[in-house]
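# sequence first, predicted coordinates after that:
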Amino acid sequence: MKNHIKQAVILAAGMGVRLKELNNGIPKGFISIEDDKPIIENSIANLLACGIKDIIIVTGFMDEYYENLRSRYSQITTVRNEKFSETGTMYSLWCARNLIKQDCILLESDLIFEIRAIRELLNFPFKNSILISGNTGAGDEVYVEAEGDWVKKISKEKSYLNSVTGEFVGISRLSFDFYMNLIQKAEEVFKSDLMISYDMDGFTTFTEKESLGYLKIADLLWAEIDNGSQLERAKKLWKKIKSLDR
């Protein structure tokens, strides 16, 4: 299947509070696993290799790092969440509304992952879908409950779900219409709550039933880096990911 998606959005506004003592105050996307290469550059390399040439980064905390990165990549555009310290990820996604013009891949800045995560999501037949994996045991997991082909609930609390279909990776595929519907409904909620998330709140509360599918790659190698133990896990996985992606 030919990839028609040429745009991606990376959410990178967060302060990374839980990593404060380990990342020396730099943004999470600029954590290095090895060779002093920020993890966000690995995400950018994967996107470019999959034919995605228009990459929007929503910045906030220490945005100068991302502005320097933009100066080295002609494919990157940045937009700043001016309220990054008092808003959630849904607000950051809303901040990109004037730049998102088509279907896109949405991902978070603190990830390492195999390139097949992007490739398979691009070839997946559901135009609105999230990527999930099998059990990682990484800690701080976000669980997904599905019903048939469709996402039903997303939560960090297993007790909130009737069953667990997989773990949310932090990479999604969204149609332009889906995105516009999502932010329009979010704008109403922003009047009383700016801290909502795009996944646990937006994807399951603001969208219609049977509108968001999921792609499960049970054995996907990936890691989110939110704390010290996750950073150590990511370092162990990185060599395996590199060997697979060669």
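Nice, thanks for sending it over.
# for the rest of this, base every contact and every neighbour count on C-alpha atoms.
Will do.
# looking at this protein, which helix is longest?
helix 228-245 (DSSP state H).
# and the contacts of the helix or strand of the chain with the lowest mean pLDDT?
The weakest-scoring helix or strand in the chain, judged by mean pLDDT, DSSP states H and E, is helix 228-245 (a mean of 89). Applying C-alpha atoms under 8 Å, 6 or more residues apart in numbering, the external contacts of helix 228-245 come out as 19, 22, 33, 112-115, 138-139, 221-225.
# buried set for it?
Buried residues in helix 228-245, counting neighbours by 16 or more other C-alpha atoms under 10 Å, are found at Q230, L231, A234, L237, W238, I241.
# and that helix, how far out from the chain's middle?
Relative to the chain's own centre, helix 228-245 is displaced by 18 Å; criterion: C-alpha atoms, centre = their mean, to the nearest Å.
# ok, back up a step: reformat the buried residues of helix 228-245 as JSON lines; add distance to I55.
Formatted as JSON lines, the buried residues of helix 228-245 follow (distance: C-alpha to C-alpha, whole Å):
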{"residue": "Q230", "distance to I55": "26"}
{"residue": "L231", "distance to I55": "25"}
{"residue": "A234", "distance to I55": "24"}
{"residue": "L237", "distance to I55": "25"}
{"residue": "W238", "distance to I55": "23"}
{"residue": "I241", "distance to I55": "22"}
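# by contact count, what packs against the strand or helix carrying Y65?
Per DSSP states H and E: Y65 is located in helix 64-70. Here helix 64-70 touches strand 76-80, going by 3 or more C-alpha pairs under 8 Å, 6 or more residues apart in numbering; DSSP states H and E.
# what about the strand it packs on, average pLDDT?
Per-residue pLDDT over strand 76-80 has a mean of 98.
# list the helices and strands that strand packs on?
Judged by 3+ C-alpha pairs under 8 Å, 6+ apart, strand 76-80 is in contact with strand 54-59, helix 64-70.
# let's see that with 7 Å instead.
Counting contacts by 3 or more C-alpha pairs under 7 Å, 6 or more residues apart in numbering; DSSP states H and E, strand 76-80 packs against strand 54-59.
# what helix or strand is the spatially closest residue to F168 that is not a sequence neighbour located in?
Spatial nearest neighbour of F168, excluding adjacent residues (C-alpha to C-alpha, 6 or more residues apart in numbering): I132 at 4.6 Å. Using DSSP H and E, the element containing I132 is strand 129-133.
# mind listing what's buried along that strand?
Buried positions in strand 129-133, judged by neighbour count with 16+ other C-alpha under 10 Å: S129, I130, L131, I132, S133.
# with stretch 172-190 instead?
Buried residues in stretch 172-190 (16+ other C-alpha under 10 Å): S172, R173, L174, S175, F176, F178, Y179, M180, L182, I183, A186.
# now the residues you listed as TSV including secondary structure and pLDDT?
Formatted as TSV, the buried residues of stretch 172-190 follow (DSSP: H, G, I helix; E, B strand; the rest coil; pLDDT from 0 to 100):
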residue	secondary structure	pLDDT
S172	strand	98
R173	strand	98
L174	strand	98
S175	coil	97
F176	helix	97
F178	helix	96
Y179	helix	97
M180	helix	96
L182	helix	96
I183	helix	96
A186	helix	97
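# tell me the one of the residues you listed nearest T59?
Using C-alpha to C-alpha, I183 comes nearest to T59 of the buried residues of stretch 172-190, at 17.9 Å.
# what sits against N181?
Listed by C-alpha atoms under 7 Å, 6 or more residues apart in numbering, the contact set of N181 is empty.
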